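Peer 1: Provide a 3D model corresponding to the input given below.
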Amino acid sequence: MKRNSLLLFLSIILMSCDKSDDATGIKESVEYIVHENSALKISENDFGTFVEVIDGDQLVFEYTYSKASDPELADSGVDKYLYFELAANTEDFQLTTNDFDVSNTYLRRSCFCPVTDFRRATSGEITAQKIGNMKWNISFDVTADITINEGEEEFAESIKFEDSGIFQPQ
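Peer 2: Take a look at the predicted model:
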């Protein structure tokens, strides 16, 4: 009887342990990817601007951050995307606001928010050191300013991403 009670007690304790990645129970993931022999295809439709990685002759850098919804808060999850492309022979580099058009630097924040399509970066900096074959240590602090006119109403905001990591093929 004591043995069964002890097993039941231990089972209850083990089942009540938090199995999440952190103390909040909210899972986060980050990916830093380089796509070789690729290009960015920018398309627009009635729902906004969208970015797709396609076959090409460039290096495409992709950052993806995902944070799962907090079960305690409605609409709390968020996904963030950053894309840009450079020449295939790129080594160390620094991109600033003036380079974002040429490098097709786009950001997207997907959440329960008014703007969820891709937006061209409007300010900031991306710096990188090549640390190996198809491997870059990249830091970025980029912003996209957004203005939407709906009739007589105007909505303006900025989305800003800041992070660093090792970008390499998947």
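Peer 1: Quick one: the helices in this protein, in order.
Peer 2: Assigned by DSSP state H, the helices in the chain fall at 2-15.
Peer 1: Output the below-cut-off pLDDT ranges for it.
Peer 2: Along the chain, segments meeting pLDDT under 70 span 1-26, 69-76, 111-116, 150.
Peer 1: how about the strands of it, start to end?
Peer 2: Applying DSSP state E to the chain gives strands spanning 28-45, 48-55, 58-67, 78-87, 93-96, 106-110, 119-120, 123-132, 135-150, 153-167.
Peer 1: Rebuild these as a markdown table, extending it with mean neighbour count.
Peer 2: The way it works is simple: take the backbone N, C-alpha and C, and place the C-beta from them, glycine included. A markdown table is the format used below for these (neighbours: other CB atoms under 10 Å):
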| stretch | mean neighbour count |
| --- | --- |
| strand 28-45 | 15 |
| strand 48-55 | 14 |
| strand 58-67 | 20 |
| strand 78-87 | 20 |
| strand 93-96 | 15 |
| strand 106-110 | 21 |
| strand 119-120 | 17 |
| strand 123-132 | 16 |
| strand 135-150 | 16 |
| strand 153-167 | 13 |
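Peer 1: give me every residue that touches residue 39.
Peer 2: By CB atoms under 8 Å, 6 or more residues apart in numbering, the contact set of residue 39 is 53, 54, 55, 56, 57, 58, 60, 85.
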